[in-house]
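[1] Here you go, sequence then predicted model.
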Amino acid sequence: MAKAKQGRAAQSGAAKTVETLIRPTVEGLGVRLWDVRFEKEGPDWFLRVLIDRDTPLDTDTCEAVSRAIDPLLDEADPIEQSYYLEVGSPGLGRRLTRPEHFAAMAGQKCAARLIRPDEQGRREYAGTLRGLDENGNVTLCPVDGPPVTFALKSAGYVKLCDDEDLFT
């Protein structure tokens, strides 16, 4: 395994390269490519391919995607160092990071944590996701108040949540 450390830009570049390479194959199998992440955990590197579809995912689907993309990755060899390939679902707590994520999840319950408190001194919001506008602003409709809008770039995260995670 390579000892060289990679910065976030290099990790992001590897993920984008892999995403471009595997997207046609993944979508050809009838699933959506939600995200590709190249992450270090302890001494090991993981290439995580997160897939989604309208019906629940099962391990057979994840295995089929893994078997389909593995030869592509071996042939193209877009990552120089050793890594473990994982294919799975982004899960309930999936983070929304791209415009297509916000469009697909509009109407779902979401939680957001801002990097810094807003004008009201709040950092955490939750409610029904209205969407992401063309200016990069997220709108959530809390259970007990008016809609809240904030810049996506000011959020540490926006993620799906369930009723137990909703806070006011």
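    That came in fine, so what should we check first?

[2] top helix in this protein by residue count?
    When the chain is parsed with DSSP state H, its longest helix is helix 8-28.

[3] Now the helix or strand just after that one - C-alpha only, PDB.
    Downstream of helix 8-28, the next assigned helix or strand under DSSP states H and E is strand 32-41. What follows is strand 32-41, C-alpha atoms only, in PDB (Å, rounded to 0.1, in the frame of the first residue of the first chain):
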ATOM      1  CA  ARG A  32     -28.500   5.700  -9.700                       C
ATOM      2  CA  LEU A  33     -25.000   6.600  -8.800                       C
ATOM      3  CA  TRP A  34     -25.500   8.600  -5.600                       C
ATOM      4  CA  ASP A  35     -21.800   9.400  -4.800                       C
ATOM      5  CA  VAL A  36     -18.200   8.200  -5.100                       C
ATOM      6  CA  ARG A  37     -15.900   8.700  -2.100                       C
ATOM      7  CA  PHE A  38     -12.200   7.900  -1.800                       C
ATOM      8  CA  GLU A  39     -11.500   8.000   1.900                       C
ATOM      9  CA  LYS A  40      -8.700   7.000   4.300                       C
ATOM     10  CA  GLU A  41      -9.600   5.100   7.500                       C
END
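
[4] Give me the contacts around strand 32-41.
    For strand 32-41, contacts defined as Cβ atoms under 8 Å, 6 or more residues apart in numbering pick out 6, 11-12, 14-16, 18-19, 22-23, 26-27, 45-53, 79, 83, 90, 94, 97-98, 101, 104. From N, CA and C alone the C-beta is placed, and that goes for glycine too.

[5] cutoff 6 Å now
    For strand 32-41, contacts defined as Cβ atoms under 6 Å, 6 or more residues apart in numbering pick out 11, 14-15, 18-19, 23, 26, 46-50, 52, 90.

[6] Can you lay out the residues you listed as JSON lines showing distance to T139 and pLDDT?
    JSON lines is the format used below for the contacts of strand 32-41 (distance: Cβ to Cβ, whole Å; pLDDT from 0 to 100):
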{"residue": "Q11", "distance to T139": "30", "pLDDT": "63"}
{"residue": "A14", "distance to T139": "33", "pLDDT": "89"}
{"residue": "A15", "distance to T139": "28", "pLDDT": "92"}
{"residue": "V18", "distance to T139": "32", "pLDDT": "96"}
{"residue": "E19", "distance to T139": "27", "pLDDT": "95"}
{"residue": "R23", "distance to T139": "29", "pLDDT": "97"}
{"residue": "V26", "distance to T139": "30", "pLDDT": "97"}
{"residue": "F46", "distance to T139": "33", "pLDDT": "96"}
{"residue": "L47", "distance to T139": "33", "pLDDT": "96"}
{"residue": "R48", "distance to T139": "29", "pLDDT": "95"}
{"residue": "V49", "distance to T139": "30", "pLDDT": "97"}
{"residue": "L50", "distance to T139": "25", "pLDDT": "96"}
{"residue": "D52", "distance to T139": "22", "pLDDT": "92"}
{"residue": "P90", "distance to T139": "22", "pLDDT": "91"}
